[in-house]
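Enquirer: predicted model and sequence follow; I will ask about them next.
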Amino acid sequence: MKRKPFATIIIFLISTMLLAGCGKSDDSDLRDRLEEASNEATEKTTEEGIEDVKADAVTEPEKEETKTEDSVLPRFYISKERDEKEVDGDFIGQYTYDQIHMESEDNVYKALEDELDRVNSDIAGQEQKAMKDEEWNICVRRADKDVMSFITEYSRTGYEGGYVKVRGHSYDMGNGRELKLKDIVKDEELFYDTLATELSYVVTRKMMTYTGENDMELIDCRESIEECIRDDRAGWVLDPQGITFWFENINAVLSNTTASVLFIDDTDGAIFKEEYAANAPDEWIMQIPGHYIETKFDYGLDGSTDTIAWCPSEFDDDSNGTYQSGICVNYNAQYYDSADICPGDGLAWENYDAILIYKEAKAVLMISHDEDIVSYIDTFNITNDTVIKADNMVGALAWVSSPTSYGVYVPTDPSAIEVHTVLDGESEEDAKPQYLSIDTDGTMTVKSTKDDASEESGKKISDNEGSTGVSLTKDDAYEIARMVADGKVCALEYHDYDGDGRNEAFAAIGKDDDMGGCILESIWFIGSDEKGKMMRDDFNDLSMYSDESGYYEQYSDENVGFFTGECGGYGSGWLTFIFGVRNGEPYELDLSMETEGFYRNEQGRFYTLTDDFTDGHRYMITELIYESKTGQFKKGKVTDKDWAY
């Protein structure tokens, strides 16, 4: 078939589109693109001749499509770079910045790799001009067969105040081309109207919280969006569930504001182009930035937008004389503190990686952090507008290292996260790479191969899903305790002991003594199924001491509770019973009736007492460390602090 010159075809298309005059909002953009293509074609015709242009027109599609359906997705890792800043030879501080790298087979994703190198060069170049106390962090938001996206988070701290700027980059995974908003959005006017509505809701909520009043109307939000984009005070990224925008100084009060338009918001299919909405992943894994920079997503696919953010937190633990560091999570405007499982010296931002895992319309937050000589991975179950600590283990995200750099591989498969569980090696070869699967309730399972981890993640771990927590009432628990016991119900504590949404009860049975306490005969458990079970009956006529504050201790960090009381003969020594519940089943802790005291300080940390008898009775405060996997407490170090009644 006779072919027409490529330039002639382009000019014909331009004429056709200009004469059509369809009136859509993106006509000018289309004309601009066609004119650019026409100019490029004309230049080629002049320089190389018409035959070369015709050849390019035929072969170009084959060159552009480098990825195939069988291509293995690349691995990404983020390295931490540190440089010292000097002015006229004087050291003024240190700045850090991230660089994102890619590993792929046979250069299949070479175009994308070139784009990442360009971003790295831009970040490094800007850091050369940076002042002290500045850093760039990178968070990968999406990496699947269709889209790769990430954000850069620039932050400045110091005595003069803080500043955070977020910018996004989204790429077509196949050809490596950076996506523009017009590539994803079908109707930009409708998109911005929807974004303004969401932003108005966010601004109203925040303004009412901060100032007690709101002075921004919907039309103001639309104008602020346009102003922020025009003044380069906004960034956006294509997330797994839609597009997220971050705005700087949306008004005089709010320094950083996040708003999203999710695919699920497009009920009529009028906002997003079908290829992006239809190909949105059902399961995904996404890094979320610190500094309380919000991430928007839809938990449960119910059409509502949920918000999560985090940052490290610090506090002094006066009872043990140690310094604790941990994290604080903000989920849907509620704050949840969770200290690390071991004391630290205060950890910098870069010691943490926060990752949101989404499977089966449920979300789990994973935090990986490094201490001085060991690393930990913690998971948090996000459910019913709460954040509950679910599991923890010794381990770290898999790393890549060399004499000059260090980087952490970014998890991209929610069912098989590469980790290292042997952490005392000096190089990657010395460590033991394994694969971590995380269930929808936050339970972690480590497997030796990726296939084993993916298979394990598909199994149902918990049978407690869908519980309403209303099958056992407090009155029911008292009545059952009275029926199963021969004596008096001296104490009963009715709570959700294991955080599964169902309430249980423990009851102490006995008879009154002459000192206001109760001669303890037995401890009973009443489950949410209204069945009673005796837990212990060998108290040997010890009295359970009266406690006006009750016999229940809540460990908020783990969302678990314990039934506990002190027993003795009203002398100088005593013993403490401790009972808990795991997965609906009651158990007695190993420390129960083996230790003196089970106390919680103002910071929520637990401790017991050690009697050394060196000078009469000296009760020394001894820390207790909770192990999530076993539900047990173990004794930590004995301090030199005396405890007094």
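Expert: Good, I have the coordinates. Residues are numbered from 1 along each chain as shown.
Enquirer: and the average pLDDT for stretch 203-220 is what?
Expert: On average, the pLDDT along stretch 203-220 is 78.
Enquirer: how about that stretch: buried residues?
Expert: 203-204, 206-207, 214, 216, 220 (16 or more other C-beta atoms under 10 Å). (Each C-beta comes from the backbone N, C-alpha and C, glycine too.)
Enquirer: which ones among the residues you listed are found in strands?
Expert: Among those, DSSP state E puts none in strands.
Enquirer: can you give me the helices for this structure?
Expert: Taking DSSP state H as the test, the helices found in the chain are 6-20, 27-48, 50-64, 110-128, 181-184, 188-210, 218-230, 274-278, 450-457, 474-484.
Enquirer: neighbours around the residue lying closest to Glu226 once chain neighbours are set aside, how many?
Expert: Among residues not flanking Glu226 along the chain, Tyr192 sits closest, at 7.9 Å (C-beta to C-beta, 6 or more residues apart in numbering). Counted with other C-beta atoms under 10 Å, residues neighbouring Tyr192 total 21.
Enquirer: so where's the stretch 51-200 of the chain shaky on pLDDT?
Expert: In the predicted model, the stretch 51-200 of the chain carries pLDDT under 70 at residues 51-71, 85-94, 128-133, 157-162.
Enquirer: what do you get for the stretch 251-400 of the chain?
Expert: Looking along the stretch 251-400 of the chain with the criterion set at pLDDT under 70, you get 313-326, 337-350, 371-374, 384.
Enquirer: please enumerate the strands of it.
Expert: 256-262, 284-287, 295-297, 306-317, 322-331, 334-339, 352-359, 362-370, 375-383, 386-394, 396-397, 399-401 (DSSP state E, counting those that start in this stretch).
Enquirer: which of those sits closest to Ile271?
Expert: With C-beta to C-beta as the measure, strand 256-262 is the member of the strands of the stretch 251-400 of the chain nearest Ile271 (6.7 Å).
Enquirer: and that closest one, how far from the chain's centre?
Expert: Remark: strand 256-262 is offset 17 Å from the chain centroid, using C-alpha atoms, centre = their mean, to the nearest Å.
Enquirer: excluding its backbone neighbours, what's nearest Tyr292?
Expert: In space, Tyr292 is closest to Ala309, 4.5 Å off (C-beta to C-beta, 6+ apart).
Enquirer: I should have written Asp353 there, sorry.
Expert: Going by C-beta to C-beta, 6+ apart, Asp353 has Ser368 as its nearest residue, at 4.5 Å.
Enquirer: and for that neighbour, the neighbour number?
Expert: With other C-beta under 10 Å as criterion, Ser368 counts 20.
Enquirer: check Thr630 too.
Expert: Thr630: 12 neighbours (other C-beta under 10 Å).
Enquirer: how close does it get to Tyr587?
Expert: According to C-beta to C-beta, to the nearest Å, Thr630 and Tyr587 sit 10 Å apart.
Enquirer: before we move on, the earlier item: OK, contacts around the residue nearest to Asp353?
Expert: When contacts are counted by C-beta atoms under 8 Å, 6 or more residues apart in numbering, Ser368 touches 352-353, 355, 375-378, 395-397.
Enquirer: tell me the bridge partners for it.
Expert: Asp353, Ile377 (DSSP bridges).
Enquirer: before we move on, the earlier item: now the residue nearest to Glu226: how far from Val446?
Expert: For Tyr192 relative to Val446 (C-beta to C-beta), the value is 46 Å.
Enquirer: list the contacts for the closest residue to Glu294 other than its chain neighbours?
Expert: Spatial nearest neighbour of Glu294, excluding adjacent residues (C-beta to C-beta, 6+ apart): Thr258 at 3.9 Å. By C-beta under 8 Å, 6+ apart, Thr258 lies in contact with 202, 244-247, 293-296, 307.
Enquirer: just put those in TSV and tack on neighbour count.
Expert: As requested, these are exported to TSV (neighbours: other C-beta atoms under 10 Å):
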residue	neighbour count
Val202	21
Thr244	24
Phe245	24
Trp246	27
Phe247	27
Ile293	20
Glu294	20
Thr295	23
Lys296	21
Thr307	16
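Enquirer: what lies in contact with stretch 546-557?
Expert: 337-339, 389, 491, 493, 495, 506, 508, 516-518, 560-566, 598, 600, 604, 606, 626.
Enquirer: then it to CSV, C-alphas only?
Expert: Extracted C-alpha coordinates of stretch 546-557, given in CSV (Å, rounded to 0.1, in the frame of the first residue of the first chain):
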residue,chain,number,x,y,z
SER,A,546,-9.1,-4.8,98.3
ASP,A,547,-8.2,-2.4,95.5
GLU,A,548,-10.5,0.7,95.0
SER,A,549,-9.1,1.3,91.6
GLY,A,550,-10.2,-2.1,90.3
TYR,A,551,-8.5,-5.2,89.1
TYR,A,552,-8.0,-4.4,85.4
GLU,A,553,-5.0,-3.0,83.7
GLN,A,554,-5.1,-1.8,80.1
TYR,A,555,-2.0,-1.9,77.9
SER,A,556,-3.0,0.7,75.3
ASP,A,557,0.1,0.2,73.1
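Enquirer: buried set for that stretch?
Expert: 551-553, 555, 557.
Enquirer: between those, which sits nearest Asp117?
Expert: Checking the buried residues of stretch 546-557 against Asp117 with C-beta to C-beta, the nearest one is Asp557 at 42.2 Å.
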